[in-house]
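Undergrad: Coordinates only, no sequence provided:
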């Protein structure tokens, strides 16, 4: 499919296809917008079934990063990178260094960081070839992994969503279903457990699921059963497109707030959620904590307290967004998009 006719193409500023025969690198970098600053977005390594599937993902994800940075009040645009490879078997130092050279060829217009299939250690390898990389261990030795910050941002968002969607100011006894307990989902589960929530968990990694469920005294269910859990809040923290119309029809939760990117399988799902009286928390607003941390990592005046205050501002943003959506009779997803476009100057 031609790029400019692609359904996910949104006047992206630049799309770069990169290939390195020696390392086997096949990669795409998409820069969606740079109005507010250089495009920041993670590197996803995944064995896509086709080049078209990879292109669809990188176009969608890069657009989401523009919206995420704008709503997080960051001086950054949105970009994303994907490598077509199995991260368990195809990821080599040579491939990562080739990716670093590809990133460097953009002269700072795109800044990469870890994402699904890539790690902080991978970013260290990439950093040997380019300075345009985030999510690195700081000089103090503290990890640059953004996952804990993403989880804290989702937790802050969740508290706002619970206030607006359930009229509650505490989480004690709140029933929460978490789909996906990887790095971010597990951190979120710990925050919720500490706040007194009752958890229902699922993950494709059965061993990790069983261990966390035992640790937190949570209920563990099969992946498909999570949508039917009798809970107050559903937290999608796995891969995107979890919310289809059929899934929405099964949900018992009255609030959705999670860490996954691109949770809505189709635009009409936002309206379906609203029709069912389910308050949806726009994913790129809720999960911006990691991006905020990575942006601060690149500043000379990095201050942990200031980072956490910035992340906690996600709740304040939602305290503005949810009432606006209610006043205008529109879904929170529609209002979030409008607010983001207002901030980076697109209609």
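TA: Thanks, I have it. Computed from a prediction, not measured in an experiment: that's the story for all the values here.
Undergrad: The spatially closest residue to residue 65 that is not a sequence neighbour: how many residues sit nearby?
TA: Across the structure, with Cβ to Cβ, 6 or more residues apart in numbering as the measure, the residue nearest residue 65 apart from its sequence neighbours is residue 78 (3.2 Å). Glycine gets a C-beta too; all of them are placed from N, C-alpha and C. Neighbour count of residue 78, defined by other Cβ atoms under 10 Å: 33.
Undergrad: ok, now the one 5 residues further on?
TA: One way to gauge burial is a neighbour count; for residue 83, by other Cβ under 10 Å, it gives 29.
Undergrad: related to what we said a few turns ago, the residue nearest to residue 65 belongs to a strand, doesn't it?
TA: Yes. With DSSP: H, G, I helix; E, B strand; the rest coil as the criterion, residue 78 is part of a strand.
Undergrad: who's in contact with it?
TA: Residues near residue 78 by Cβ atoms under 8 Å, 6 or more residues apart in numbering: 31-33, 39-41, 62-69.
Undergrad: ok, now with 7 Å
TA: Contacts for residue 78 (Cβ atoms under 7 Å, 6 or more residues apart in numbering) come out as 32-33, 39, 41, 62-69.
Undergrad: Lowest-confidence member of these, which is it?
TA: For the contacts of residue 78, the least confident position by pLDDT is residue 64, scoring 92.
Undergrad: Packing partners of the host helix or strand of that one?
TA: With elements delineated by DSSP states H and E, residue 64 resides in helix 51-71, which encompasses its position. Other helices and strands packing on helix 51-71, by 3 or more Cβ pairs under 7 Å, 6 or more residues apart in numbering; DSSP states H and E, are strand 25-33, strand 77-84, helix 283-286, helix 332-344.
Undergrad: Including distance to residue 308, could these go into CSV?
TA: Output for those, formatted as CSV (distance: least, Cβ to Cβ, whole Å):
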stretch, distance to residue 308
strand 25-33, 27
strand 77-84, 23
helix 283-286, 16
helix 332-344, 22
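Undergrad: so which of the ones you listed gets nearest residue 238?
TA: Shortest distance between residue 238 and the helices and strands packed on helix 51-71, using Cβ to Cβ, is found for helix 283-286: 12.0 Å.
Undergrad: which secondary structure elements does that closest one contact?
TA: Packed against helix 283-286, as judged by 3+ Cβ pairs under 7 Å, 6+ apart, are the following elements: helix 51-71, helix 147-166, helix 304-328.
Undergrad: tell me what the longest one is packed against?
TA: Contact partners of helix 304-328 among helices and strands, from 3+ Cβ pairs under 7 Å, 6+ apart: helix 147-166, helix 283-286, helix 289-297, helix 332-344.
Undergrad: The same query, at a cut-off of 10 Å, please.
TA: Contact here means 3 or more Cβ pairs under 10 Å, 6 or more residues apart in numbering; DSSP states H and E; on that basis helix 304-328 packs against helix 51-71, helix 147-166, strand 279-280, helix 283-286, helix 289-297, helix 332-344.
Undergrad: in it, what counts as buried?
TA: Neighbour counts over helix 304-328 (16 or more other Cβ atoms under 10 Å) mark 307-308, 310-315, 317-318, 321-322, 325 as buried.
Undergrad: try stretch 236-251
TA: Buried residues in stretch 236-251, defined by neighbour count with 16+ other Cβ under 10 Å: 236-238, 240-243, 247-248, 251.
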